[in-house]
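Enquirer: can you look at this prediction? I've put the sequence above it.
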Amino acid sequence: MISTIFHDPISHASFRLKFRSSLLKIKNFGREASMRVPFYRHSLPASSATLVAEVIESGFLTSGQYCSRVEDKLCAIFGVSHAKLTSSWTQGAVAVLLALGIGPGDEVIVPAMTFVATANVVKQVGATPVFVDVEPSTLLIDIASVRAAVTSRTRAVIPVHLYGQMVEIPALRAALPAGIRIIEDAAHCFEGRRGGRRPGQDSDAAIFSFYATKNVTCGEGGAVITQDGALAANLKEAVLHGMSAAAAQRFSGGRYQHWDVARLGTKANLPDLLAVLLETQLDSVDARLAQRERLARRYEENLAATPLGFPAIEAEAVSARHLFPIHVPGGQRDRVMRVLNDHGIGATVNYRSVPELSLYRNDPTVPRNGFPVSLDWGEGTLCLPLFPTLRQDEQDHVLNILHGAVLPSLDSRMIEERGVAAL
């Protein structure tokens with residue numbers, strides 16, 4: 001069994017001592033058993049309805065002036081020249097692949113530890129996803145494995161900024177032959193930085209998600225940012241079936257304008273009805289990040305002297321702290337999940353290794369047993385509630401259940417066997 005989580009071993013006696021010490025720090029142990037803590041709770045104010053009403057009153061519901069304003073803000077935030085709002089991360093990624101001309105006969109390298117959409121979009125355009133393993137300490141794509149996976153058919157790599165920590169894009173670029181595109185899966189990483197750089201600044205494109213549980217949300221949605229003017233021009237068409245003119249342009253000047261289709265596209269544009277929910281959130285991302293950072297550090301401090309592990313955040317990285325994942329050793333993840341759920345805690349799995357899902361497990365072209373770090377993490381991981389409005393009493397409840405109903409049943413000998421201990 002490999003060591004997925006990243007710390008020095010501690011002794012059985014030391015664990016018991018540290019566990020008792022940690023337990024004393026948690027208030028109200030054993031109380032508030034009926035409390036329910038959701039996995040996520042959005043913080044959009046009721047006044048958001050006024051913004052939607054403003055769009056309705058404008059008479060223009062699809063992509064228009066509100067989308068354009070948000071796109072301009074995204075360019076300013078990330079220091080890029082082009083941004084395009086999309087209906088989801090998935091459709092944005094499909095549009096990017098189409099805009100780059102990636103399709104049948106091409107290969108795209110993706111990590112085995114990610115949400116399944118990262119691989120699925122490659123299949124959806126007719127190309128082949130090629131899986132590589134992730135680093136055991138950070139769970140980010142292993143650059144040496146990427147280098148080894150490159151073939152004459154490789155057209156792109158999709159590094160995933162998993163849980164909010166950025167892959168080192170300049171190092172990935174240096175490992176690749178010229179001409180291979182880098183498309184950042186930044187669905188978890190709106191606020192992330194590495195070495196002072198942000199998503200989209202060193203790659204061909206970065207793609208965000210504004211799904212309901214994301215740090216910036218409009219329920220459903222996404223965005224693509226890029227410095228590549230040619231890609232941006234192709235993308236404008238690719239998000240609208242390949243059409244050469246969007247709705248606003250087809251009726252500009254009060255007269256209908258003919259349009260053409262010169263490339264294959266999809267339907268991926270975001271309507272103003274949703275875009276209007278994003279604009280005010282962009283002004284407060286740093287404050288919300290500080291709240292998630294505080295909550296994540298409190299989890300880390302209270303779980304440090306236990307068998308539970310979590311990914312390392314590297315010194316040069318600022319994580320977006322989108323999720324707080326833990327790893328449960330000894331094949332006990334599902335039992336721990338049931339305990340948490342039975343106590344009203346909305347824990348969930350993010351994610352199982354993609355090659356272990358039936359679509360890919362039954363694909364004879366996908367290697368078996370070739371991704372041990374992803375497999376081990378995927379069999380033991382779950383995510384705890386983490387969002388800016390998580391109250392201290394709610395986080396206390398999560399920690400109380402872990403310390404009182406979960407950790408006593410985890411044999412600390414697992415720690416020594418797996419090389420897993422506290423941060």
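Expert: Thanks, I have it.

Enquirer: I225 is in contact with L85, correct?
Expert: No - L85 lies out of contact with I225 (C-beta atoms under 8 Å); the separation is 10.3 Å. (Each C-beta comes from the backbone N, C-alpha and C, glycine too.)

Enquirer: how far away is the residue nearest to N120 when sequence neighbours are not counted from V224?
Expert: Of all residues not flanking N120 in the chain, T90 sits nearest, at 7.4 Å (C-beta to C-beta, 6 or more residues apart in numbering). Distance of T90 to V224, given as C-beta to C-beta, to the nearest Å: 12 Å.

Enquirer: neighbour count for those two, which is higher?
Expert: V224 (32 against 22; other C-beta atoms under 10 Å).

Enquirer: ok so the residue nearest to N120 is a helix residue?
Expert: Yes - applying DSSP: H, G, I helix; E, B strand; the rest coil, one finds T90 inside a helix.

Enquirer: from the centre of the protein, point out the most distant residue.
Expert: R255 (43.0 Å; C-alpha atoms, centre = their mean).

Enquirer: mind checking how far that residue is from P111?
Expert: Relative to P111, and taking C-beta to C-beta, R255 is found at 50 Å.

Enquirer: what does L100 give?
Expert: 19 Å.

Enquirer: one more: L399?
Expert: 30 Å.

Enquirer: what of P311?
Expert: 13 Å.

Enquirer: overlap in contacts of the two?
Expert: L162 (C-beta atoms under 8 Å, 6 or more residues apart in numbering).

Enquirer: between those two, who's got more neighbours?
Expert: Between P311 and P111, P111 has the larger neighbour count (other C-beta under 10 Å), namely 30 against 26.

Enquirer: endpoint to endpoint, stretch 123-139 covers what distance?
Expert: 23 Å (C-alpha to C-alpha, to the nearest Å).

Enquirer: ok, then the element right after the longest helix seen in the chain?
Expert: Ranked by number of residues, the top helix in the chain under DSSP state H is helix 285-303. Counting by DSSP states H and E, the next helix or strand C-terminal to helix 285-303 is strand 317-318.

Enquirer: and that next one, which strands flank it?
Expert: Looking at strand 317-318 with DSSP bridges, its partner strands are strand 193-194 (antiparallel).

Enquirer: give the rounded mean pLDDT of the partner strand.
Expert: The pLDDT scores in strand 193-194 average 98.

Enquirer: got the contact list for it?
Expert: 165-169, 314, 316-318.

Enquirer: tell me which stretches of the stretch 251-400 of the chain form strands.
Expert: Taking DSSP state E, counting those that start in this stretch to define them, one finds strands in the stretch 251-400 of the chain at 317-318, 324-327, 381-384.

Enquirer: which stretch among the ones you listed comes nearest Y66?
Expert: In terms of C-beta to C-beta, the element of the strands of the stretch 251-400 of the chain nearest to Y66 is strand 317-318, at 29.2 Å.

Enquirer: can you tell me what sits against that closest one?
Expert: Under C-beta under 8 Å, 6+ apart, the answer for strand 317-318 is 165-166, 191-194.

Enquirer: neighbour-wise, which of those residues leads?
Expert: Busiest of the contacts of strand 317-318 [other C-beta under 10 Å] is M166, holding 29 neighbours.

Enquirer: look up the closest residue to K267, ignoring the ones flanking it.
Expert: H241 (6.2 Å).

Enquirer: where does the stretch 251-400 of the chain dip in pLDDT?
Expert: 251-254 (pLDDT under 70).

Enquirer: so which residues of it form helices?
Expert: Using DSSP state H, counting those that start in this stretch, the helices assigned to the stretch 251-400 of the chain run over residues 272-275, 279-282, 285-303, 333-342, 358-361, 372-380, 392-401.

Enquirer: so which of the ones you listed is nearest A127?
Expert: The minimum distance between A127 and the helices of the stretch 251-400 of the chain falls on helix 358-361, with 14.4 Å, by C-beta to C-beta.

Enquirer: count of residues packed around R338?
Expert: For R338, using other C-beta under 10 Å, the count is 11.

Enquirer: actually G59, not the one I typed
Expert: Quick note: G59 (other C-beta under 10 Å) scores 7 neighbours.

Enquirer: next one: it from G344, what distance?
Expert: G59 sits 45 Å away from G344, going by C-beta to C-beta.

Enquirer: again, but for A212
Expert: 20 Å.

Enquirer: returning to that earlier point: closest to N362 out of the contacts of strand 193-194?
Expert: Using C-beta to C-beta, V167 comes nearest to N362 of the contacts of strand 193-194, at 29.0 Å.

Enquirer: quick check: closest non-adjacent residue to that closest one.
Expert: Per C-beta to C-beta, 6+ apart, closest to V167 is P159, 4.0 Å.

Enquirer: quick one: the one you found and R298, what's the gap?
Expert: For P159, the distance to R298 - C-beta to C-beta - is 29 Å.

Enquirer: which of the two has more neighbours?
Expert: For P159 versus R298, neighbours defined as other C-beta under 10 Å are more numerous around P159 (26 against 16).

Enquirer: buried among the contacts of strand 193-194? Make that a PyMOL selection.
Expert: Burial among the contacts of strand 193-194 is assessed by 16 or more other C-beta atoms under 10 Å; the matching PyMOL selection reads:
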select buried, resi 165+166+167+168+169+314+317+318
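
Enquirer: near V157, how many other residues are there?
Expert: Neighbours around V157, by other C-beta under 10 Å: 29.

Enquirer: that one reaches G179, doesn't it?
Expert: No - with contact defined as C-beta under 8 Å, V157 does not reach G179; the gap is 11.8 Å.

Enquirer: circling back: could you dump the contacts of strand 317-318 into a markdown table with distance to A144 added?
Expert: Output for these, formatted as a markdown table (distance: C-beta to C-beta, whole Å):
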| residue | distance to A144 |
| --- | --- |
| Q165 | 18 |
| M166 | 18 |
| E191 | 28 |
| G192 | 22 |
| R193 | 24 |
| R194 | 18 |
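
Enquirer: which one of the residues you listed is nearest to S47?
Expert: The closest of the contacts of strand 317-318 to S47 turns out to be E191 (C-beta to C-beta; 23.4 Å).

Enquirer: quick one, phi psi at the closest one?
Expert: Backbone torsions of E191, given as degrees, to the nearest 10, read phi -100, psi 0.

Enquirer: go on, G404?
Expert: In terms of degrees, to the nearest 10, the main-chain angles of G404 are phi -90, psi -30.
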